[in-house]
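Peer 1: please find the sequence and the predicted model below.
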Amino acid sequence: MKKSRIHIDEILRSFFALQGAGQTPAARRRTLLVEQALRDCLEIEGHRVLVTRDLVVLAAEREFDPVGAVARTMHADDLIYVLPTFLEPPWLQGTDLMRRSQLTLVSHLTAQLLRDGTVNYDEVTCPVHEIRARIDRALGALRKPPRGSAARPDRRESA
């Protein structure tokens, strides 16, 4: 069996179990929240990246059990194509700490899928570059001070 044919559910279960091992309770909670948000994103947005044949499979699976259908039926390459969407609002987590967790986990997940050959870089070059660009942009935004927090010079003219 070709590695890229591994279902998303299996990929996410093993990845997040490994990521959560040895974490503090707070970090583990953030990891679980990111996993659930990614699974929600897959179910809501996943159909957008599928070809007609896969849409038919997904529709049939949803007839039997709609919850988790995308993760049960689709594969690693589909996951890679959905990840850029997961790195944009409304999926990008709200607090800085949660956002950093999300960005780190997506970066590690992408790297793992490429490193172990689950996806072929030549077949997913564009979404991988998009993932990296969105992570870099979100991290850059986290480094900037919030608007209005820096001291502003007094621009009033003296009379």
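Peer 2: Alright, I've got the coordinates.
Peer 1: okay, CA-based contacts and neighbour counts for the rest of this
Peer 2: OK.
Peer 1: gap between Leu87 and Ala21?
Peer 2: Taking CA to CA, to the nearest Å as the measure, Leu87 falls 24 Å from Ala21.
Peer 1: comparing the two, which shows the higher neighbour count?
Peer 2: Each of Leu87 and Ala21 has its neighbours counted (other CA atoms under 10 Å); Leu87 has more, 24 against 9.
Peer 1: gap between the residue nearest to the more buried one when sequence neighbours are not counted and Thr118?
Peer 2: Once flanking residues are discounted, Leu87 sits nearest to Arg134: 6.3 Å by CA to CA, 6 or more residues apart in numbering. Using CA to CA, Arg134 is found at 22 Å from Thr118.
Peer 1: quick one: what helix or strand has the nearest residue to Arg100 once chain neighbours are set aside in it?
Peer 2: Counting by CA to CA, 6+ apart, Arg100 lies nearest to Leu139, which is 7.5 Å off, once chain neighbours are set aside. Assigned by DSSP states H and E, Leu139 belongs to helix 125-143.
Peer 1: one step back: the residue nearest to Arg100: neighbour count?
Peer 2: Neighbour tally, Leu139, other CA under 10 Å: 16.
Peer 1: any idea how far it is from Leu103?
Peer 2: As judged by CA to CA, Leu139 and Leu103 stand 8 Å apart.
Peer 1: repeat for Asp54
Peer 2: Using CA to CA, Asp54 is found at 28 Å from Leu103.
Peer 1: looking at the two, which is more packed in?
Peer 2: Under the neighbour definition other CA under 10 Å, Asp54 and Leu103 were set side by side, and Leu103 has more, 24 against 16.
Peer 1: picking up where we left off before, show me what the helix holding Leu139 is packed up against.
Peer 2: On a contact count with 3 or more CA pairs under 8 Å, 6 or more residues apart in numbering; DSSP states H and E, helix 125-143 meets helix 76-86, helix 96-115.
Peer 1: pretty sure Leu58 sits against His75.
Peer 2: No. Under the criterion of CA atoms under 8 Å, Leu58 lies out of contact with His75, with a separation of 11.7 Å.
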